[in-house]
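**Q** Would you be able to build a 3D model of this:
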Amino acid sequence: MPIAIVSLASLLGCLIVTTMLATPTKTAPRYTVYRTPAFRSVAAEPSHAKLLLKSMPPAAAPSANNIVMMNNKPNEVMPEYYISASLPVASQGVVRIKMTNPMSKFRIYINSKSESSAGVTPLYCLEVNETSVILLNHNNDALTSVLASTSDRKAVREKNNDVYYWLSLDKKNSVLKYGKGEATQALTLLRYDVPVGAFLPDLKYVGLSVSDTKIMTKVLIYELPVTFQLPPNVISSDLVTLDDIENGLITTIGNLPTECQMLYSVVAGPNVVLQNDIATAIQLSLKSGELSKFLVKKAQDHKCKLTETYIRVTLGMDQGYSPGIPFVLELWPTGHNSPIHQHSGAFAVIKVLHGSINCTYYSDLNPAITTPYLDCNFPTGGVTYLTPSLYQTHMLKNKSTTDFCATIQCYRYASDDTTHYEYFDYLDDNNKRSRFAPSTDFTYTELKNLLKKEGLLKKMK
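**A** Numbers count the residues shown, from 1 in each chain. Sure, this is the predicted structure:
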């Protein structure tokens, strides 16, 4: 039987379970499994956001013409190693697995028992190989076991890369989905609609054909399946209309995790604004004053492009629950942008105080992934968010040619995260993964003092 050793640490706002796999021939390896609370959602894909990757249509029923040909050994089965963590709800949820440089095909199993199916007992099986991805209902190579498949190059196994592969079971809607990166509707690469009444019941146990922990490094289990794409646009519950609920174009803070709600309660109020005289002073200083000179020096010090710099103005002190000081006013000159980056596996809320900010979202922080799957623009007053498992990887850019942008960013680790990774990982100018510790360019008081010294701000605020 599998053995579970449970700790309270968490990197993604969830319970870490260090597991040992049941293995038929040798000592079981250890894995790290994260069980993540699911979000409540009222929304579908937002119309204001441009989806850059199309979701796959329902797969056709298997036939000799639309499936990938299998091995000619129909009774050959692959190994099944089962972890101690299981789906919270039978036949429902998502299993998301990080694979590092897999050199051969692998399979993910969802079974009704934590023991080998021997290729006979029905289960749901996902095979990912170099040329195709296949959904099966048995762990064998029989043509009759194939439910659906795709040879889309975006879907297949990647060598020399760290990639999350996920499988979603949705028993209520009788749908199986597969994708890469974040487990979202927009990143679905294969879908199969199970015939009504044929969805396999009582599937809870998660297994893999891989036993090497250097290859399979993380397993994340989500309670809810991939259905709607929770929009990145947050509005006050006071503004929600019946049409908003019907159309699913927005979400409210009540649909988001507690950590996001805590941050939102601080910055969402009507008085958290950038006053006009301060905004005017910042604009002038960014154009030809001390803030402009500061950015030139910052680009030289960091050996990066000038357009990849922005100013971090911190408010308050580091209270220990976030990567760096939790509240940061960021100033974005015209045409400036961040690199593609992540946020320490933390939660965040972003509010636009002046101008507008463009956000492009990526399935993961990976040198091979430079094409976003979602593109959104947030105007003054707009609010967005990110979580450890949704919208965690993005790039911000001020696309305006005439006005700067100011955003207030706030961060918070998951309540049960005892790791507190203190860095933001990003892709540098050489498309290499790097990291930086969130720092302070100015405090808010120092910024106002500088603007006053320049003669751009007549009195302190």
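**Q** Please report the distance of Ser116 from Leu87.
**A** 18 Å (C-beta to C-beta, to the nearest Å). Where you see a C-beta, it was placed from the backbone N, CA and C, and this is true even at glycine.
**Q** Now for Cys125, which secondary structure element holds it?
**A** Cys125 is part of strand 124-128 when elements are defined by DSSP states H and E.
**Q** so what does that strand touch, helix or strand wise?
**A** Packed against strand 124-128 by the contact rule (3 or more C-beta pairs under 8 Å, 6 or more residues apart in numbering; DSSP states H and E) you find strand 106-111, strand 133-136, strand 162-170.
**Q** out of the ones you listed, deepest packed?
**A** Of all the helices and strands packed on strand 124-128, strand 133-136 has the most neighbours on average by mean count of other C-beta atoms under 10 Å, namely a mean of 25.
**Q** Quick one: list the elements packing against the helix or strand immediately after that one in the chain.
**A** Downstream of strand 133-136, the first helix or strand assigned by DSSP H and E is strand 146-150. The helices and strands touching strand 146-150, judged by 3+ C-beta pairs under 8 Å, 6+ apart, are strand 133-136, strand 188-193.
**Q** just the strands in the stretch 251-400 of the chain please.
**A** Ranges of strands in the stretch 251-400 of the chain, per DSSP state E, counting those that start in this stretch, are 251-252, 311-315, 327-332, 347-354, 357-361, 374-378, 383-386, 394-397.
**Q** Same list, those strands, but as TSV with distance to Ile278 please.
**A** Output for these, formatted as TSV (distance: least, C-beta to C-beta, whole Å):
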stretch	distance to Ile278
strand 251-252	30
strand 311-315	11
strand 327-332	10
strand 347-354	9
strand 357-361	18
strand 374-378	20
strand 383-386	20
strand 394-397	21
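**Q** how about a markdown table for those, with mean pLDDT, mean neighbour count and distance to Val267 added?
**A** Below are the strands of the stretch 251-400 of the chain laid out as a markdown table (pLDDT from 0 to 100; neighbours: other C-beta atoms under 10 Å; distance: least, C-beta to C-beta, whole Å):
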| stretch | mean pLDDT | mean neighbour count | distance to Val267 |
| --- | --- | --- | --- |
| strand 251-252 | 92 | 21 | 15 |
| strand 311-315 | 98 | 20 | 10 |
| strand 327-332 | 98 | 24 | 7 |
| strand 347-354 | 98 | 24 | 5 |
| strand 357-361 | 97 | 22 | 15 |
| strand 374-378 | 95 | 20 | 14 |
| strand 383-386 | 96 | 22 | 8 |
| strand 394-397 | 98 | 21 | 16 |
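**Q** Now for Lys172, how many residues are close by?
**A** Neighbourhood size, Lys172 [other C-beta atoms under 10 Å]: 10.
**Q** Which helix or strand contains it?
**A** With DSSP H and E as criterion, Lys172 is part of no helix or strand.
**Q** hang on, isn't it packed against Gln92?
**A** Yes - counting by C-beta atoms under 8 Å, Lys172 does reach Gln92; the two are 7.3 Å apart.
**Q** quick one, helices of the protein?
**A** Taking DSSP state H as the criterion, the chain carries its helices at 242-247, 258-267, 276-288, 290-302, 444-453.
**Q** For Lys180, find the nearest of those helices.
**A** With C-beta to C-beta as the measure, helix 258-267 is the member of the helices of the chain nearest Lys180 (24.9 Å).
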